[in-house]
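Engineer: Fold the following.
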Amino acid sequence: MDRYGVGRGAVREAIQSLVAMGVLDVRPGRGAVVVGMGTEEALGMETIAALLDRSAIEDLYDFRELLEVEAAGRAAKRATPASVVEIAEALERLKLARRTGIPSYEADLDFHRAVVAASGNVIFLRVLDAVADLLSTVRSQTEHVPGAVERAMGEHEAIFRAIAEHDPTGARRSTVEHIASGRAAAAEALLMRQSRSGPVIASNAAREARSDDGDEVA
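Structural biologist: Here you go, the predicted model:
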């Protein structure tokens, strides 16, 4: 724990989350043992999502606000006709997913990637690609939040209109609103996951507080 700068409570919470997912088996006298599973299971979205706490999600949305708001403003200034078509096509895939009831998080990421690409900054695009898996994981969880997909759809349309009309101020404003909405949906999705995990996860905050005070917790 000293090596990685984390507290006893954080380690305990991570272990309990992995037990709840079936990744670890913890028994008295034997300790924690990794349960056999395939690579796809170990690295699946549900596993990653369960390990994301509120702080990590806030950091992710802070990053999005820094990158995507500026990218949207630049896209509104620099977007070529081909770039506008690419964003429009991604938006249509989002609408199709919504109409057919299939998961839309991949099309959602395609839309944001098209916006960032339209900014003309290749570094912006590479940085976004570096966190693509994390973005997809969080977005896949917000699919289950009531009303989140519908809100996001309208926000995507507003971003697209501003870029197509070469309105940088509108593009930035619409992106700020969209990210704030996404942040709220991600927080709600986290609470929903914790609720499904039962009392083990629900009591983590209390145990963490006791650990921070220096009390031993069995």
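Engineer: Need the mean per-residue confidence for stretch 113-126.
Structural biologist: Averaged over stretch 113-126, pLDDT sits at 96.
Engineer: just stretch 158-170 next, same as before
Structural biologist: Across stretch 158-170, the average pLDDT comes to 98.
Engineer: Just the element for V84, please.
Structural biologist: Assigned by DSSP states H and E, V84 belongs to helix 81-100.
Engineer: Dump that helix to CSV, restricted to CA.
Structural biologist: Presented in CSV, the C-alpha positions along helix 81-100 are these (Å, rounded to 0.1, in the frame of the first residue of the first chain):
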residue,chain,number,x,y,z
PRO,A,81,-17.5,19.7,-46.1
ALA,A,82,-16.2,16.1,-45.8
SER,A,83,-15.8,16.5,-42.1
VAL,A,84,-19.3,17.7,-41.7
VAL,A,85,-20.6,14.7,-43.6
GLU,A,86,-18.6,12.4,-41.4
ILE,A,87,-20.1,13.9,-38.2
ALA,A,88,-23.6,13.7,-39.8
GLU,A,89,-23.1,10.0,-40.6
ALA,A,90,-22.0,9.3,-37.1
LEU,A,91,-25.1,11.1,-35.8
GLU,A,92,-27.3,9.1,-38.1
ARG,A,93,-25.8,5.9,-36.7
LEU,A,94,-26.6,7.1,-33.2
LYS,A,95,-30.2,7.8,-34.3
LEU,A,96,-30.4,4.3,-35.8
ALA,A,97,-29.2,2.7,-32.6
ARG,A,98,-31.8,4.6,-30.7
ARG,A,99,-34.6,3.6,-33.0
THR,A,100,-33.7,0.0,-33.0
